[in-house]
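[1] Build me a structure from this.
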Amino acid sequence: MNIKAFIIHLKRASDRNTQVQKIVAECPISAEILDAVDAQRMSNAQRASLYLPQMYTPHYPFVLRDSEIACFQSHRKAWQRIINQGLDGALIVEDDVELDADLFSSAFYMAQKYLEPASYIRFPIKNRETPQKILDSSNNQRLFIPRNIGLGMQAQLVGARAAKVLLAATEQFDRPVDVLIQMSWLTGIYPSCVIPAGVHEVSKNLGGSTIGKKMQISEKLKREILRFIYRKKIARLQIEHLNYLYPYLK
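    Numbers count the residues shown, from 1 in each chain. Below you'll find the predicted structure:
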C-alpha cells in the first residue's frame, strides 16, 4: 500500500522546528513536511472566495478567524497532495503534537489494516468518543465507529477517495475544518477513530496555538453558551445520520 505522512507546519513558526523533526522521527512511516497556508499572506479576495458564512444549517455561530481559514486550506492542501502523488492514503499530522511512539505506532497499524479508499480514521487527543460499533481491539486500544464524531485535526489517516470527496465538498466553507468533518451527511465521509491513540497536544509548550487568541471573560462566556447550543444540534444530527447509514447498529 502506497501511503506516507504529511506534517503540516507553518514555515515562519520556527520555534516548532525541533518538534516537527521529533514528529518525523517518531512517525511509523515516511514523512514529508507540508508548508501550511499562512493566514498573514492571504489576500482579501482569497478569503472571500473560500469563506462563505452561514452556508449550511445549523449555522455556525462564530465568524472564522483568518488563521482558521488558513488551517482549513492547509488540510485541503494535504488532501490534494494525496491525489497529486497518487497515494492510497496519508497520515496527516499537525505540528503541535507529541507522539507516544509505541502507543501511536500500535494505533496506526491497527488503523492501517482497515484503510480503504473512503476511510477517514481519526487519532483523537482525548478519549471522549463513545463506540457505536467496534471494528477492532487489542491491548486496550479500540478502533471504532463513534456515536458522535469528535473535534480536532491533530492526526488522521485519510484514504484517497475520502481526500477527493472532501476536496469537492469543501471548495467553499463556513466553519472550521474539524467542525465540518462532523457533518458527515454533507461531506459523504463518516470517520472512525482509534482510542487511546498516543497523540498529545503540546501547543502550550510551543508558544501557544497559531489559531487561538485571548478573549475577555464576558466574550468567553457568550461563546461557550453559543457553542453548547450548536454542539447539541450537531450531536442530534450526527446520531440521525449514523442511524440512517448503519441501521443494523441501533
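
[2] hey, let's count contacts and neighbours off CA atoms from now on
    Fine.

[3] Point out the other helices and strands that the helix ranked longest in the chain packs with.
    The single longest helix within the chain, with elements called by DSSP state H, is helix 217-245. Packing partners of helix 217-245 (3 or more C-alpha pairs under 8 Å, 6 or more residues apart in numbering; DSSP states H and E): helix 184-187.

[4] who's in contact with the helix it packs on?
    For helix 184-187, contacts defined as C-alpha atoms under 8 Å, 6 or more residues apart in numbering pick out V165, L166, A169, L180, I181, Y190, Q238, H241.

[5] neighbouring strands for whatever helix or strand comes next after that helix, and are they parallel or not?
    Using DSSP states H and E, the next helix or strand after helix 184-187 towards the C-terminus is strand 192-195. The pairing partners recorded for strand 192-195 under DSSP bridges are strand 120-122 (parallel), strand 141-146 (antiparallel).

[6] Now do the buried residues in the longest one.
    With burial defined by 16 or more other C-alpha atoms under 10 Å, the residues of strand 141-146 counted as buried are Q141, R142, L143, F144, I145, P146.

[7] any idea how far stretch 71-80 is from the chain center?
    Its chain's average C-alpha position is 10 Å from that of stretch 71-80, according to C-alpha atoms, centre = their mean, to the nearest Å.

[8] And for stretch 171-191?
    Using C-alpha atoms, centre = their mean, the offset of stretch 171-191 from its chain centre is 10 Å.

[9] gap between the two ends of that stretch?
    One end of stretch 171-191 to the other measures 20 Å (C-alpha to C-alpha, to the nearest Å).

[10] Give the buried residues for it.
    For stretch 171-191, burial by neighbour count (16+ other C-alpha under 10 Å) applies to 172-185, 187, 189-191.

[11] Tell me if I am right that A48 is in a strand.
    No. A48 is assigned helix when assessed by DSSP: H, G, I helix; E, B strand; the rest coil, not a strand.

[12] Give me the neighbour count for D66.
    D66 has 17 neighbouring residues, counting by other C-alpha atoms under 10 Å.

[13] Phi first, then psi, for it.
    The phi/psi pair for D66 (degrees, to the nearest 10) reads phi -60, psi -40.

[14] Could you tell me what pLDDT the model assigned to it?
    In this model, D66 is scored at 96, pLDDT.

[15] other SSEs contacting the helix or strand containing E68?
    Of the helices and strands defined by DSSP H and E, E68 is found in helix 66-84. Judged by 3+ C-alpha pairs under 8 Å, 6+ apart, helix 66-84 is in contact with strand 3-9, helix 44-50, strand 89-94, helix 160-169, helix 177-181.

[16] JSON lines for these, including distance to T130?
    Converted to JSON lines, the helices and strands packed on helix 66-84 look like this (distance: least, C-alpha to C-alpha, whole Å):
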{"stretch": "strand 3-9", "distance to T130": "27"}
{"stretch": "helix 44-50", "distance to T130": "33"}
{"stretch": "strand 89-94", "distance to T130": "23"}
{"stretch": "helix 160-169", "distance to T130": "23"}
{"stretch": "helix 177-181", "distance to T130": "17"}
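
[17] looking at those, which is closest to C71?
    helix 177-181 (7.5 Å; C-alpha to C-alpha).

[18] Which elements pack onto the closest one?
    Using 3+ C-alpha pairs under 8 Å, 6+ apart: helix 177-181 touches helix 66-84.

[19] which SS state does R175 fall under?
    Recorded secondary structure, R175: coil (three-state DSSP).
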